[in-house]
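how does the following fold in three dimensions:
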Amino acid sequence: MAKKKVLVLVPVVLDEDGLAKRRTQQNSVELGDNIEFDYRPVKAGPALYDSYHDFALADVAMFEAGISAEDDGYDAVCIDTMSDSGVNALRSVLDIPVIAPAKASYLMCLLLGSNFGVLTQWDRWNIIYKKTLQEYGLADKCVGIRSPGLAPDPVNLLGGKEDVVFPQFLKCGQELVEMGAEAICLGSTTMHEAHAFLSKELPVPVINPGPLTYKLAETVLGMGLSHSRKAYPPPSYLKLNLTHAIMDGGAAYDGED
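As a prediction, the model looks like this:
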């Protein structure tokens, strides 16, 4: 049986060293020998995903990065951002499954408990969770969002800062438990390096969103499933060349307005 190939879409522009840090997410989940993952960054996009301005740009960037996935021979797509950017658009043009980490994480928390909290790194990311929770109709299941207010580093992630960052994450996680959270999801795939520590120290399940999408991709492919065409109908007229042109132009421009 041929190996299944999954494309992981990375929401920021990264070189090979940056992508290598994203690949280490695979170390925290057991996957079969019959599946492999490739990582592809966007050509251009927002810097920090902290506003609706950024979300609009991210949807286009992630959509463009993934629209060729099926033609490129991939069997599934995983989104590497808790904003779930580009998921709906990609599902409208791809027949292969597209896995969204925020939705998957929230629902996994509800599989393991009756509510959950979001533990994130930066309070300016709270808008991401408020947006997705509202869209998915799950706002009433979230007991709260907690953050130590640490500015993110999308390239280097948490490396070299563990002694400072991990205790602050733990304190926020404990606050969520005290608020009644029965499960906790990490608010960013860039926080994956803290998952093992938090899982050991907190008394409730802690969901690591990136690796969860990998395991779900493996499961969905093993069951021969994909998203519903009733939920995600294809467009009447494709504008894929326009999408590529927009992002090619964006990649040629480097700077701020």
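
what about the longest helix in this structure?
Longest helix of the chain, by residue count under DSSP state H: helix 162-178.

sheet-wise, list the partners of the helix or strand just after that helix with their directions.
Per DSSP states H and E, helix 162-178 leads on to strand 184-186 as the next helix or strand towards the C-terminus. Strand 184-186 has the following strand partners under DSSP bridges: strand 116-119 (parallel), strand 206-207 (parallel).

can you list contacts of the shortest one?
Strand 206-207 has contacts (CB atoms under 8 Å, 6 or more residues apart in numbering) with 105, 108-109, 119, 173, 183-186, 195, 198-199. All C-beta spots, glycine's among them, are computed from the backbone N, C-alpha and C.

any chance of these in JSON lines, with distance to Glu64 too?
Formatted as JSON lines, those follow (distance: CB to CB, whole Å):
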{"residue": "Ser105", "distance to Glu64": "25"}
{"residue": "Met108", "distance to Glu64": "28"}
{"residue": "Cys109", "distance to Glu64": "31"}
{"residue": "Leu119", "distance to Glu64": "31"}
{"residue": "Gly173", "distance to Glu64": "36"}
{"residue": "Ala183", "distance to Glu64": "34"}
{"residue": "Ile184", "distance to Glu64": "33"}
{"residue": "Cys185", "distance to Glu64": "27"}
{"residue": "Leu186", "distance to Glu64": "27"}
{"residue": "His195", "distance to Glu64": "30"}
{"residue": "Leu198", "distance to Glu64": "34"}
{"residue": "Ser199", "distance to Glu64": "35"}
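
highest neighbour count among these?
Using other CB atoms under 10 Å as the neighbour test, those are led by Leu119, with 29 neighbours.

residues in contact with that residue?
Contact partners of Leu119, counting by CB under 8 Å, 6+ apart, are 146-147, 169, 172-173, 176, 184-187, 191, 198, 206.

what about Lys3, distance to Ser68?
Computed as CB to CB, to the nearest Å, the Lys3 to Ser68 distance reads 19 Å.

more neighbours: those two, which one.
Ser68 (16 against 11).

so that one belongs to a strand, correct?
No. Per DSSP: H, G, I helix; E, B strand; the rest coil, Ser68 lies outside any strand segment and is coil.

quick one on the thing from earlier: what's the closest of the strands paired with strand 184-186 to Leu48?
Leu48 lies closest to strand 116-119 among the strands paired with strand 184-186, at 17.3 Å (CB to CB).

tell me where the stretch 101-250 of the chain has helices.
Secondary structure of the stretch 101-250 of the chain (DSSP state H, counting those that start in this stretch): helices at 101-112, 126-135, 162-178, 195-201, 209-222, 240-252.
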